[in-house]
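*Asks:* okay, structure incoming, though there's no sequence with it:
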């Protein structure tokens, strides 16, 4: 598995920043929780299942934010305990749709994809952003995917469409909120080798009678290649999030930052 971090950062940069990261119990979300916590932020996150004591967040709310009631529960909890949120990172997302092409994607699969990958962020924004507007400052980051520009035509088509909708929504939201002191940006990762992705690589290697390196390369080839020769790491995506959340990015607004090792061809 590709690991390691060779850079340093200011561990006081986000001191006193009340932060909510959705999908923060594993993968990219967990890396974002860890990075912002190490930077001094007070971080809350949510998940459908209880987590181990290793989760590095100040507040955990067990809830399913693909539902209206789950979003309401998370928002009510963090707002009642902290009074407001300064930084909101909508990271939750994913797909478990069946393969077999667009005909296999029923209305139920489309509904699941839209609720998890789009409406969870829309609903949470509605609950959290009014407080940012009232205070005259705040940062909202939406974690999308390069599939909004390079959709795969099989099981993740509904996921890709939802992430494309999130990108459009984020851009429109930025135009409204910029004059009110709230910055909005999108981060679009490509293939990131999370622990779940690494497990998938190992299963692929076993099923094809090959090794881990060959299995990883097979996935890279399926994506059309990654010019830097490897997937991104979760901590690299978290570092981009930290930059965009910081005052160093004070004039970056309404942008979509792709982090994919060059997977999307230059046009």
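*Replies:* Received, thanks. Owing to the predicted nature of the structure, the values given are computational and were not obtained by experimental measurement.

*Asks:* what's the spacing between the helix or strand containing residue 204 and its chain's center?
*Replies:* According to DSSP states H and E, residue 204 maps onto helix 195-208. Put simply, helix 195-208 sits 22 Å off its chain's centre (Cα atoms, centre = their mean, to the nearest Å).

*Asks:* give me the contact list for the helix or strand following that helix.
*Replies:* Counting by DSSP H and E, the next helix or strand C-terminal to helix 195-208 is helix 212-222. Helix 212-222 is contacted from outside by 191, 193, 200, 201, 202, 204, 205, 208, 226, 230, 231, using Cβ atoms under 8 Å, 6 or more residues apart in numbering. Every C-beta, even on glycine, is put in place using the N, C-alpha and C of the backbone.

*Asks:* hang on, the earlier thing: which strands or helices does the helix holding residue 204 pack on?
*Replies:* Helix 195-208 sits against helix 212-222, with contacts defined as 3 or more Cβ pairs under 8 Å, 6 or more residues apart in numbering; DSSP states H and E.

*Asks:* distance from the helix it packs on to the middle of the chain?
*Replies:* Its chain's C-alpha centre and that of helix 212-222 lie 23 Å apart, by Cα atoms, centre = their mean.

*Asks:* list the buried residues of it.
*Replies:* If you call a residue buried by 16 or more other Cβ atoms under 10 Å, then helix 212-222 has these buried ones: 215, 216, 217, 219, 220.

*Asks:* that older thread, got a winner among the contacts of helix 212-222 for most neighbours?
*Replies:* For these, the largest number of neighbours (other Cβ atoms under 10 Å) sits with residue 231, at 26 neighbours.

*Asks:* the helix holding residue 204 - what's its average pLDDT?
*Replies:* Regarding helix 195-208, the rounded mean pLDDT is 81.

*Asks:* between helix 212-222 and it, find me the angle.
*Replies:* Put simply, helix 195-208 runs at 100 degrees to helix 212-222, going by axes from the mean of the first three to the mean of the last three Cα atoms, to 10 degrees.
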